[in-house]
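Chemist: Dropping a prediction and its sequence here:
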Amino acid sequence: MSSKAHIRDLFGTEIKAVNLGSRDFADDLALQGVDTINLNWKPAARGDKELLEAVDALARDDVDAANEEALRRINAAQPALIGVGRALDTLPGMGPDTILHAGPPITWDRMCGPLRGAIIGGLLFEGRADTPEEAETLAASGTIEFAPCHEHDAVGPMAGVITPSMPVFILENRNGGNRSYATMNEGLGKVLRFGAYGEEVLERLRWMRDVLAPAVAKALALSDGIDIKALIAQALHMGDEVHNRNRAATSLFIREILPYLLKADIPDAERVAVVEFINSNDHFFLNLSMPCSKAMLDVASGVEKSTVVTCMSRNGTDFGIRVAGLGNRWFTGPAEEVKGLLFPGFTDADKNPDMGDSSITETAGLGGFAMAASIAIVQFVGGTPADAIRYSEKMYTITTGESQTFSIPVLGFRGNPTGIDVRKVVAKDTLPQINTGIASREAGVGQVGAGLVNPPWKCFHDAMLALADVYGNQHDRRQGNQH
Amino acid sequence: MQSISLVKPNQYSDSVTLMRLSNDVAALEGVTDVLVGMATDLNRELLAGMGAATAETDAATPNDLLIAVQASDEDAAGRALEAIEQGLSKKKSGVGVAGEAGAAVFETVDQVAELDEGFNMAVVSVPGSYAAHECRSALRDGMHVFLFSDNVSVEEELGLKTLAHEKGLLMMGPDCGTALINGIALGFANVVRRGDIGIAAASGTGLQQLTQLIDAMGGGITQAIGVGGRDLSAAIGGRTMLAALEALGNDEATRVIVVLSKPPAPEVATQVLEAAKGIGKPTVLCLLGRELDADLGSLELAGNLEETAAAAVRLSTGSTPDLVDPFYSEGTLSVTLAGLKPAQRFVRGIFCGGTVCDEAMVYFRSLDLPIRSNIPLSESERLEDVHQSVGNTFIDMGDDYFTRGKPHPMIDPSLRNKRIVEDALLNDTAVMLVDVELGYGSHPDPAGVLVEAVDEANARLADEGRTVVWIASVIGTEGDPQGFAQQCNRLLDAGMLVSISNIRAARLAARAVVEATAEEGRQQ
């Protein structure tokens, strides 16, 4: 904030005006030779007076300072991949009957097709049921405790299902100590995260548990951990945005881990299979960029008065967000339809609503926020290179500041837009831009396309009112006056 | 009869543009009623009043544009819709006031602030319920604010002025019509000479008249700061007035200070007077003819705007000034008076400016001439039906009642023409007293618009074999964009008496009324 001014200083200063409202006033100022910008104005907060008052109640220096603190923490985080563990032993609060899923909390009866399919597959994989029908009965019985990955420090793409015996990546923030977790990416096609539960899916999951995970764990044990944040920073300069394009990042990851895989005590046939598996999946790194984003954002959670978003995620039915100053409260709305390019043979009728925890990348200033770093992505999600640049530029208007680690070459190496501010989203009626894969609404079909989507307005509307409710009546302006 | 209602979702235009568009389209042949406006509660109410509400219009939000047309037939309705579409698209193509081709489009104050190019003044005229938010953004971005909008709550005003104080910024308004900062006109203001007189005023047209008269007396202005109509209330405590006085006191270029306001709330008056006295510069206080029960000390009290201007210029130059009033002449008054019928005994003042209306009333009252008004000095003088003039009547057409859903008559003076013609034709009207505001913000040809009404009324009066006395006060200067001499000449050509001083016009009107009454006996 600017230092205290004096009105009399205005008297000797050239007037430069911004005009909002009647254009005539702007025209008159221009006639007088005054440098004038006439805003292309529309009512803030969609003209919702209650919301506007909530925004104004938090338009304060102490809230700005809280957001700066949240941003500082996000920027300071240094997540590294340090190991692989079994979900049951590793994830906080995970029990033998727990199944985690993407997005905000949801009950079985409201789950979409792909999420149900993934849970059926998870129960079959765990040996809790012998047939899909048995698995469904068990899932509906109330025995299984469903919970969001986010409530167990984890994230998962698409259905995001994590069952107790699945292996998970362990990331640790070396500047804070908090950890985050994610499953390992299965690749494309018929995979659990799109709700497939056939034998080939289960077979792959068992191989990942029995071969891939131990091999990666052994390799990592020889390393000092792999700095995932640094890899993302490099990948952004190589055309990835690490949500829907992870080709460069996956390559970089192979460069990092390969020496340790070679040195580790792994049977040769398995070593080859492991390298081939990672190398054949352009999206392998997604399950690392996601927990990296998660570990960065979790340190901002709990910053008093902060209106910075710490999580955006969806379960295929609901979209949910969480905000730093309100801790673990969810603000939800119906997940929206993703608009984009469909693979040949699919139509809009095949699309499931927006799904997965992968929008944690956007929350951290990556994905849709970093599209200007990933011009090639428009061939996948639709639009033009100019659109990609515009999306990133627009996100600066709703964020607290910029990343100190990630930068976008085409924008003059400007730091990524980081720290989504609920106040700005609401006041400017500008929703975060997410680019994402589109799942078939039918379990097990897989990905049918990719495109662009926004969170529902309701999430931010409700979060803004809740923020004003909790922090709106405080008049702590001490920090502001001391500047 | 053809009635059409439409909603255009998420299409915003400013209210002045839309109201003007509504008026233009309503003037088309065969069109009986038009509403083009954002779907605010007020506009939806107006729409319902037209009988044009639909489920769609009921569900519209203030972000959506409402269009309703009622016309004699399908063709006329079609032409109206076409004209509306044209008017709306015209507005869009004109973005980029600074004149740079392909200039960036800005949507928020914050974006402009982030340019970091010294934008230091936000001029805000958005609908009142959204104004506080925008002003708060501007103040937090370190900009001074000129807030023209009204309908801003007392709580919001207090919050904004407190924030402005913390930041050391000037918060002019809400409901601030006029300011001159560094010689630049903000809102409705006239082009006047720079000089050494600084003004802080809680009146828009009053401030315009004052700066114009100071100019006509050879004086000049450093700063003219509008504080907003409610600043001197007990709730707001004169926050902007006090800030303005402090700034003018500290400003080396300002040697004489003028404070212009209706009498403030008593607790505020003490503070403002103490602040004014404490500055130590020659200061003139104008309370628009009202008394104030307080020790004025060294402050000079002036009764009306002309006296105030004269006192300020005298303090500035050391000698008593003359008012240069180039088009003033009483020559034709007696001729016109001779054409009155015995029943014609009253003045009908139809004003655009509230303060000049007020000043004229105070003068009539001082002569014990009974008055009625829609903005009465005391409740006993309140007009029972504001549409029906009774006795000496003074109407402020800029009052909220008349501007509901319509532009201010200074922006569109045609809105008072109907009333002017009606009142001029009343059997008992002897004198028509009107004001004409030139300067930035005002209509490009207010005299031309007024003369249409005068000509129409005169033609019909001639049919009845009688006349009325037409008197206009013109608030304008040579430098104003409308062309001062050309505007005055149009009024003279229409047979009007013209003065640049409102109080002088009021005096002339009072004299005419008194003489008309006195001549009554002779003619019978």
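Modeler: Right, received. Where do you want to start?

Chemist: going forward, measure contacts between C-alpha atoms and count neighbours the same way
Modeler: OK.

Chemist: which ones are touching the residue nearest to B:R460 when sequence neighbours are not counted?
Modeler: Excluding the flanking residues, the one nearest B:R460 by Cα to Cα, 6 or more residues apart in numbering or on different chains is B:L425, at 7.7 Å. Contacts for B:L425 (Cα atoms under 8 Å, 6 or more residues apart in numbering or on different chains) come out as B:457, B:460-461.

Chemist: ok, now B:D428?
Modeler: B:343-346.

Chemist: what sits up against the helix or strand of chain B at the bottom of the mean pLDDT ranking?
Modeler: Lowest on mean pLDDT, DSSP states H and E among the helices and strands of chain B sits helix B:74-93, with a mean of 77. When contacts are defined by Cα under 8 Å, 6+ apart, helix B:74-93 is touched by residues B:1-4, B:13, B:17, B:21-22, B:25-26, B:28-31, B:36, B:69-71.

Chemist: How far off centre is that helix?
Modeler: 29 Å (Cα atoms, centre = their mean, to the nearest Å).

Chemist: again with stretch B:359-368
Modeler: 20 Å.

Chemist: Name the residues of it that are buried.
Modeler: B:359-364 (16 or more other Cα atoms under 10 Å in any protein chain shown).

Chemist: Give me the subset of the residues you listed that lies in helices.
Modeler: The helices, defined by DSSP state H, take in B:359-364 from the buried residues of stretch B:359-368.

Chemist: give me the subset of these touching chain A.
Modeler: The subset of these within reach of chain A, counting by Cα under 8 Å from any Cα of the partner chain, is empty.

Chemist: Closest to A:A372 out of those?
Modeler: Lowest distance from A:A372 to these (Cα to Cα) belongs to B:E359, with 62.6 Å.

Chemist: which residues sit in contact with the closest one?
Modeler: B:288-289, B:304, B:502-503.

Chemist: Flag the least confident of those residues.
Modeler: Checking pLDDT across the contacts of B:E359, the minimum falls on B:G289 at 79.

Chemist: give me the number of residues near that residue?
Modeler: 19 (other Cα atoms under 10 Å in any protein chain shown).

Chemist: show me where the stretch 51-200 of chain B has strands.
Modeler: B:65-71, B:121-124, B:144-147, B:171-172, B:178-181, B:184-187, B:194-201 (DSSP state E, counting those that start in this stretch).

Chemist: okay, those strands in TSV with mean pLDDT, mean neighbour count and distance to chain A next?
Modeler: Shown next, in TSV, are the strands of the stretch 51-200 of chain B (pLDDT from 0 to 100; neighbours: other Cα atoms under 10 Å in any protein chain shown; distance: least, Cα to the nearest Cα, whole Å):
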stretch	mean pLDDT	mean neighbour count	distance to chain A
strand B:65-71	90	24	12
strand B:121-124	98	27	5
strand B:144-147	98	28	8
strand B:171-172	98	30	10
strand B:178-181	98	27	7
strand B:184-187	97	25	6
strand B:194-201	98	24	11
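
Chemist: Those strands: which one's closest to A:I398?
Modeler: strand B:121-124 (21.4 Å).

Chemist: Which strands and helices lie in contact with that closest one?
Modeler: Using 3 or more Cα pairs under 8 Å, 6 or more residues apart in numbering or on different chains; DSSP states H and E, the elements in contact with strand B:121-124 are strand A:16-20, helix B:128-140, strand B:144-147.
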